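>>> What shape does this take:
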Amino acid sequence: MKQEITFEDSKGESLCGILSDPYENKSHPLVVLCHGFSTSKDGRTYLRLEEMLNREGISTFRFDFFGHGESGGRFEDITTSRAVDDVLSALRFAEKSGYTKIGLFGSSFGGLASILAASRSNSPRILALKSPVTDYRTMALTRLSQKELREWKDKGYMEFETFDDEKRRLNYSFYEDAEKINAREAAQGIQIPVLIVHGDADETVPVEQSRKAASLITDCRLEIIQGCDHVYSDPEHFERLLRLVSEFIIDSFRPLSPNP
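Model (predicted):
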């Protein structure tokens, strides 16, 4: 059964998610799916994982971050800290709904939020990451000149184009927040099994970020896909990502999953 869910973050903002529980059985595992920056819960990765995991008796909860998709808030006001709060709110929703075997999956920006949330919450039993960001500040300093950073600060916002060629605004508060984030320190505190999948031709998030993160997490498996870009545009790369993530989740939860 699929059900549209409205829940709130810690600030009372309305968030929208889709709970897909094929057996309506809370004794089955549930995986919270976190999308990337400027995308939504309806992206192909989350729809396919929902389908693949549901077939194996694993429920899913994909949701839109603040300012994204069908959730409340203005996109330009998003920050990493706000996204972490959203993930923690989604995990709390899962717990309050009666699920006790919870996994977490995050992509890119959602991967960063998931790393930080997993370091602060005891809910997730496993964590899977697709090309996660771990250092937005360094990425910004690499891509923006000091002049561009000053203009962003003076103007209060910058304009950029998304992967879908849509123009968006992003407030300077995003960068100010990113300066305070230490995902690598958070990674060191994660004690659950972790899978990271990343392409070595990723032009958006350097694969070195995942190599470093993997070296800091106690129980982490890093899968690098040769020639793969950030959006997994090659169908073979995309299918391999789905296979790696779904098998990791299914194998991790198999002893915990009762028969349908």
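
>>> In this protein, where is pLDDT below threshold?
Residues of the chain meeting the criterion pLDDT under 70: 255-260.

>>> where do the strands sit along it?
Applying DSSP state E to the chain gives strands spanning 2-8, 14-20, 30-34, 59-63, 102-107, 124-130, 157-161, 167-171, 194-199, 220-225.

>>> Quote the end-to-end distance of stretch 53-69.
Counting by C-alpha to C-alpha, to the nearest Å, you get 23 Å between the two ends of stretch 53-69.

>>> starting at the chain centroid, how far to the longest helix belonging to the chain?
Counting residues, the longest helix found in the chain (DSSP state H) is helix 235-253. Centroid displacement of helix 235-253 relative to its chain, using C-alpha atoms, centre = their mean, to the nearest Å, is 15 Å.

>>> same deal with stretch 141-149?
26 Å.

>>> cool, stretch 79-92 as well?
Worked out by C-alpha atoms, centre = their mean, stretch 79-92 lies 10 Å from the chain centre.

>>> Need the contact partners of it.
Stretch 79-92 has contacts (C-beta atoms under 8 Å, 6 or more residues apart in numbering) with 7-11, 15, 17, 32, 34, 61, 63, 65-66, 71, 102, 104, 106, 109-110, 112-114, 116-117, 120-121, 123-124, 136, 173-174, 177-178, 180-181. For the C-beta atoms, the positions are set from N, CA and C on the backbone; glycine is no exception.

>>> Among those residues, name the buried ones.
When the contacts of stretch 79-92 are checked for burial by 16 or more other C-beta atoms under 10 Å, the buried set is 7, 9, 15, 17, 32, 34, 61, 63, 65-66, 71, 102, 104, 106, 109-110, 112-114, 116-117, 121, 123-124, 136, 173-174, 177-178, 181.

>>> residue contacts, the residue lying closest to residue 64 once chain neighbours are set aside?
In space, not counting the residues next to it along the chain, residue 64 is nearest to residue 71; the distance is 4.0 Å by C-beta to C-beta, 6 or more residues apart in numbering. If a contact means C-beta under 8 Å, 6+ apart, then residue 71 has 13-16, 63-65, 86 as its contacts.

>>> Please repeat the previous calculation with a cut-off of 10 Å.
By C-beta atoms under 10 Å, 6 or more residues apart in numbering, the contact set of residue 71 is 6-7, 9, 13-17, 40-41, 63-65, 86.

>>> next one: residue 235
So residue 235 contacts nothing (C-beta under 10 Å, 6+ apart).

>>> ok, now residue 76?
Counting by C-beta under 10 Å, 6+ apart, residue 76 touches 67, 156-159, 168-171, 173-174.

>>> Among those, list the two that are farthest apart in space.
Comparing every pair within these by C-beta to C-beta identifies 67 and 156 as the most remote, at 16.2 Å.

>>> Compare those two and say which is more crowded by neighbours.
Remark: of residue 67 and residue 156, residue 67 carries more neighbours, 21 against 11, as counted by other C-beta atoms under 10 Å.

>>> Let me see the backbone angles for the more buried one.
phi 80, psi 10 (degrees, to the nearest 10).

>>> Quick check: it vs residue 83, distance?
The gap separating residue 67 from residue 83 is 9 Å, by C-beta to C-beta, to the nearest Å.

>>> ok, now residue 228?
Noted for residue 228: a distance of 24 Å to residue 83, by C-beta to C-beta.

>>> cool, residue 134 as well?
As for residue 134, its distance to residue 83 is 14 Å (criterion: C-beta to C-beta).

>>> what do you get for residue 149?
22 Å.

>>> Name the residue in these two with the higher neighbour count.
residue 83 (26 against 15).

>>> Surely residue 42 is in contact with residue 4?
No - using C-beta atoms under 10 Å, residue 42 is not in contact with residue 4; the gap is 11.7 Å.

>>> who touches both of those two?
18, 70.

>>> Compare the two and say which is more crowded by neighbours.
The neighbour comparison of residue 42 against residue 4 (other C-beta under 10 Å) goes to residue 42, with 13 against 9.
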